[in-house]
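*Asks:* next comes the sequence, and after it the predicted model I'd like to discuss.
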Amino acid sequence: MGVCGYLFLPWKCLVVVSLRLLFLVPTGVPVRSGDATFPKAMDNVTVRQGESATLRCTIDNRVTRVAWLNRSTILYAGNDKWCLDPRVVLLSNTQTQYSIEIQNVDVYDEGPYTCSVQTDNHPKTSRVHLIVQVSPKIVEISSDISINEGNNISLTCIATGRPEPTVTWRHISPKDPPYISEAKGTGVPVGQKGTLQCEASAVPSAEFQWYKDDKRLVEGKKGVKVENRPFLSKLIFFNVSEHDYGNYTCVASNKLGHTNASITLFELNEPTSSTLLQEVKTTALTPWKGPGAVSEVNNGTSRRAGCIWLLPLLVLHLLLKF
């Protein structure tokens, strides 16, 4: 049933029959748009389910009576509503246009609508066809299933919609979207060369971008270089300063998606000669508390002998430093 597909009361049926005779609008009369320049209805009207459809009919001042019909049901006659459906409203009834609106359109509203006019005792009609589209919706799909390699399997996907939707299948491998496989922070002393490394697995290959504090790092920044390969990106600092320390974000992306990881460049304190000397002195002056240990008070000679054999070790540390 279409718009206003309701049963009329017996007394109203007589009025409807009289109105049909008045307009001489027999059910199922084919449209003949060339009979007159008016009334001129729109061509096909296409709307989506749930939207509003506007049906317009162009007329002129010679028209004395107008009406909109859905198949054999009268929706409006002039300004009078004959339809019980609250979704159908009159938009305009002027000397040039007669239009109605069907709100919250559903699929059962689809079909022909007729604009009928009376002029100089000659009834004329024009027809418009309402087409209702429904967004595709998957109503049934196979659940997850495990199967042994080499066996056959059947997957089901049922979808509805108007026009009839086309169903396509695509295999998404777990490694198709990008994912970062390795991203580790590193410590570098001030003034030294440092490298942050980001590895990503993706098909197609990922493109890399580096950020610090939401600001993208571009190639050519003084003292910083970005080296990109299909699955690897390096952020190289040639002379690390205090300003370079902090958190960096590596973003890997391709047409299937993107992912990111946070990598920290932190300060690494380099041992100095004074630190090494202090370590050696501490080792030399600390008495051995194991079995057979010699007391500092009773055996000062043994303590001095221990310092003498540690002297080459101190010299070796200094040579490695400088």
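*Replies:* All right, it came through fine. Numbering: from 1, shown residues only.
*Asks:* check contacts around the closest residue to residue 106 other than its chain neighbours.
*Replies:* Excluding the flanking residues, the one nearest residue 106 by CB to CB, 6 or more residues apart in numbering is residue 49, at 6.1 Å. (C-beta placed from N, C-alpha, C; glycine too.) Shown in contact with residue 49 (CB atoms under 8 Å, 6 or more residues apart in numbering): 105-107, 132-135, 162.
*Asks:* export those as CSV, with columns for pLDDT and secondary structure.
*Replies:* Converted to CSV, these look like this (pLDDT from 0 to 100; DSSP: H, G, I helix; E, B strand; the rest coil):
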residue, pLDDT, secondary structure
105, 95, coil
106, 95, coil
107, 92, helix
132, 95, strand
133, 94, strand
134, 93, strand
135, 90, strand
162, 90, strand
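*Asks:* and those, which are buried?
*Replies:* Buried members of the contacts of residue 49, scored by 16 or more other CB atoms under 10 Å, are 105, 132-134.
*Asks:* going by distance to residue 68, which of those residues wins?
*Replies:* The nearest member of the buried ones among the contacts of residue 49 to residue 68, counting by CB to CB, is residue 105 at 15.1 Å.
*Asks:* check residue 112 and give its pLDDT.
*Replies:* Looking at residue 112, its pLDDT is 94.
*Asks:* now the one 3 residues further on
*Replies:* As predicted, residue 115 sits at a pLDDT of 93.
*Asks:* that one against residue 124, yeah?
*Replies:* No: contact between residue 115 and residue 124 fails when scored by CB atoms under 8 Å: they sit 9.1 Å apart.
*Asks:* which residues touch residue 130?
*Replies:* Going by CB under 8 Å, 6+ apart, the list of residues near residue 130 reads 44-45, 47, 53, 55, 102, 105, 109-113.
*Asks:* tell me the one among those residues nearest to residue 264.
*Replies:* Once CB to CB is applied, the member of the contacts of residue 130 that ends up nearest residue 264 is residue 47, at 55.7 Å.
*Asks:* give me the pLDDT value at that closest one.
*Replies:* 94.
*Asks:* identify the bridge partners of it.
*Replies:* residue 132 (DSSP bridges).
*Asks:* where in the stretch 51-200 of the chain is pLDDT low?
*Replies:* Where the stretch 51-200 of the chain drops to pLDDT under 70, the residues are 172-176.
*Asks:* ok, now the stretch 201-322 of the chain?
*Replies:* Ranges of the stretch 201-322 of the chain meeting pLDDT under 70: 220, 270-322.
*Asks:* helices of that one, start to end?
*Replies:* Counting by DSSP state H, counting those that start in this stretch, the stretch 201-322 of the chain has helices at residues 273-285, 300-321.
*Asks:* got it, and the stretch 1-150 of the chain?
*Replies:* 10-23.
*Asks:* now do the strands in it.
*Replies:* Assigned by DSSP state E, counting those that start in this stretch, the stretch 1-150 of the chain shows strands spanning 40-41, 45-48, 53-58, 65-70, 73-77, 80-81, 88-93, 97-102, 111-119, 122-141.
*Asks:* of all those, which lies closest to residue 242?
*Replies:* Here strand 122-141 is closest among the strands of the stretch 1-150 of the chain (CB to CB), at 56.3 Å.
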